[in-house]
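A.B. asks: test case, fold it:
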Amino acid sequence: MTTARDHLSKADTVMIAAIEAGVPLLVEARNLIAGFHSMIRKKLADDLEPWIADAGKSLIASFAKGIIRDRAAVRAAITEPWSNGQSEGQTTKLKLVKRQMYGRGKLDLLQARLIGAV
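C.D. replies: All right, here's what the predicted structure looks like:
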């Protein structure tokens with residue numbers, strides 16, 4: 001659903017064309033997903049409400065309901081220049097090191113491992 005058509009093999013392209021011919025709702029869902037990706041990448045917050053209305057009547061209605069519940073956060077993610085990617089990456093690294101050490105040491109050893117991991 002999210003892979004660009006020019007990155008698919010010939011066999012995959014033929015298979016997807018056959019599936020989409022049999023289930024036209026998938027074509028609509030694929031277009032909506034592409035529209036959502038485009039809206040996020042191009043920072044087009046004005047397109048959010050029409051997209052939610054269209055998506056609410058499609059196969060991805062449950063995703064659209066989640067967007068509605070968290071509309072303010074989604075709008076902020078589209079319009080604001082900030083990202084929490086760095087902090088999420090640091091948290092993931094901390095959890096990885098912690099899980100690797102499970103049962104081996106206390107906080108002082110974890111701190112030493114994290115300083116060494118940086």
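
A.B. asks: name the residues that touch the helix or strand bottoming out on mean pLDDT in the chain?
C.D. replies: Here the helix or strand of the chain ranked lowest by mean pLDDT, DSSP states H and E is helix 107-117, holding a mean of 75. Applying Cβ atoms under 8 Å, 6 or more residues apart in numbering, the external contacts of helix 107-117 come out as 93, 94, 97, 98, 101. For the C-beta atoms, the positions are set from N, CA and C on the backbone; glycine is no exception.

A.B. asks: burial count for the last one?
C.D. replies: So the one you mean is residue 101. Close neighbours of residue 101, defined as other Cβ atoms under 10 Å, add up to 13.

A.B. asks: now swap in the first one and tell me
C.D. replies: Residues lying near residue 93 (other Cβ under 10 Å) number 13.

A.B. asks: ok, now the second one?
C.D. replies: When counting by other Cβ under 10 Å, one arrives at 14 neighbours for residue 94.

A.B. asks: now it: which helix or strand?
C.D. replies: Taking DSSP states H and E as the criterion, residue 94 maps to helix 85-100.

A.B. asks: packing partners for that helix?
C.D. replies: helix 107-117 (3 or more Cβ pairs under 8 Å, 6 or more residues apart in numbering; DSSP states H and E).

A.B. asks: nearest to residue 12, of the contacts of helix 107-117?
C.D. replies: residue 93 (34.7 Å; Cβ to Cβ).

A.B. asks: where do the helices sit along the chain?
C.D. replies: Along the chain, the stretches classed as helices by DSSP state H are 10-22, 24-42, 48-55, 61-69, 71-79, 85-100, 107-117.

A.B. asks: residue 2: which of the ones you listed is closest?
C.D. replies: For residue 2, the closest of these is helix 24-42, at 6.1 Å, according to Cβ to Cβ.

A.B. asks: so how far is that closest one off the chain centroid?
C.D. replies: 13 Å (Cα atoms, centre = their mean, to the nearest Å).

A.B. asks: what mean pLDDT does that helix get?
C.D. replies: Throughout helix 24-42, pLDDT has a mean value of 92.

A.B. asks: return that helix as PDB; C-alpha atoms alone will do.
C.D. replies: C-alpha atoms of helix 24-42 as PDB (Å, rounded to 0.1, in the frame of the first residue of the first chain):
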ATOM      1  CA  PRO A  24     -11.500  -1.400  -6.100                       C
ATOM      2  CA  LEU A  25     -11.800  -0.200  -2.400                       C
ATOM      3  CA  LEU A  26      -8.100  -0.900  -2.100                       C
ATOM      4  CA  VAL A  27      -7.300   1.600  -4.900                       C
ATOM      5  CA  GLU A  28      -9.200   4.200  -2.900                       C
ATOM      6  CA  ALA A  29      -7.400   3.300   0.300                       C
ATOM      7  CA  ARG A  30      -4.000   3.400  -1.400                       C
ATOM      8  CA  ASN A  31      -4.800   6.900  -2.800                       C
ATOM      9  CA  LEU A  32      -5.900   8.100   0.600                       C
ATOM     10  CA  ILE A  33      -2.700   6.800   2.200                       C
ATOM     11  CA  ALA A  34      -0.600   8.500  -0.500                       C
ATOM     12  CA  GLY A  35      -2.600  11.700   0.100                       C
ATOM     13  CA  PHE A  36      -1.800  11.500   3.800                       C
ATOM     14  CA  HIS A  37       1.900  11.000   3.200                       C
ATOM     15  CA  SER A  38       1.900  13.900   0.800                       C
ATOM     16  CA  MET A  39       0.000  16.100   3.300                       C
ATOM     17  CA  ILE A  40       2.600  15.300   6.100                       C
ATOM     18  CA  ARG A  41       5.600  15.800   3.800                       C
ATOM     19  CA  LYS A  42       4.400  19.000   2.200                       C
END
